[in-house]
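>>> Please find the sequence and the predicted model below.
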Amino acid sequence: TSAWNALLRGKKLWVLHPPTHTIPGADKSLSSYEWLSQLGATLEDSYEGKKFITFVQKPGEIVIVPCGWWHMTLNLSFTVAVTGNYAAKS
């Protein structure tokens with residue numbers, strides 16, 4: 001599915017990677033905090049030739065996550081957001 005997230009309050013850290021490769025730790029049941037603590041040291045590096053896309057979403061911003069993209073978020077403060085998903089019939 002593709003998804004969108006509109007942040008109304010707070011700050012949210014996003015980490016995204018194109019759907020071309022398996023992400024280390026993505027196959028484990030790790031929370032966002034655990035993933036960042038255990039594997040996040042590689043965020044500034046590239047993974048299999050592709051850099052992670054990292055940014056902080058602020059109130060009033062909308063993030064769109066394309067279908068197939070690996071992503072994780074971590075709330076950096078109390079947040080309020082509206083989100084939706086779109087699944088094509090095919």
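That came through fine.
>>> Please make it C-alpha for all contacts and neighbour counts, starting now.
OK.
>>> partners of the closest residue to residue 32 other than its chain neighbours in the sheet?
Nearest residue to residue 32 in three dimensions, chain neighbours excluded: residue 74, at 5.9 Å (C-alpha to C-alpha, 6 or more residues apart in numbering). Counting by DSSP bridges, residue 74 is bridged to residue 13.
>>> ok, now which ones touch residue 74?
12-14, 32-33 (C-alpha atoms under 8 Å, 6 or more residues apart in numbering).
>>> Out of these, grab the one that's most surrounded.
residue 12 (20 neighbours; other C-alpha atoms under 10 Å).
>>> If I follow the layout properly, it ends up in contact with residue 59?
No. Here residue 12 lies out of contact with residue 59, judged by C-alpha atoms under 8 Å, at a distance of 9.2 Å.
>>> So which of the contacts of residue 74 is the closest to residue 80?
residue 12 (9.9 Å; C-alpha to C-alpha).
>>> how close does the residue nearest to that closest one when sequence neighbours are not counted get to residue 3?
Closest residue in space to residue 12, ignoring its immediate chain neighbours: residue 75 at 4.5 Å, by C-alpha to C-alpha, 6+ apart. The gap separating residue 75 from residue 3 is 17 Å, by C-alpha to C-alpha, to the nearest Å.
>>> returning to what we had before: mind checking pLDDT for the residue nearest to residue 12?
pLDDT, residue 75: 94.
>>> so what's it up against?
When the contact criterion is C-alpha under 8 Å, 6+ apart, the partners of residue 75 are 10-13.
>>> Strands along this structure, start to end?
Ranges of strands within the chain are 2-9, 12-17, 46-47, 50-51, 53-57, 62-65, 70-75, 80-86, based on DSSP state E.
>>> So what's the gap between stretch 68-87 and the chain middle?
In terms of C-alpha atoms, centre = their mean, to the nearest Å, the centre of stretch 68-87 is found 7 Å from the chain centre.
>>> same check, this time on stretch 24-39
On C-alpha atoms, centre = their mean, the centre of stretch 24-39 falls 12 Å from the chain's centre.
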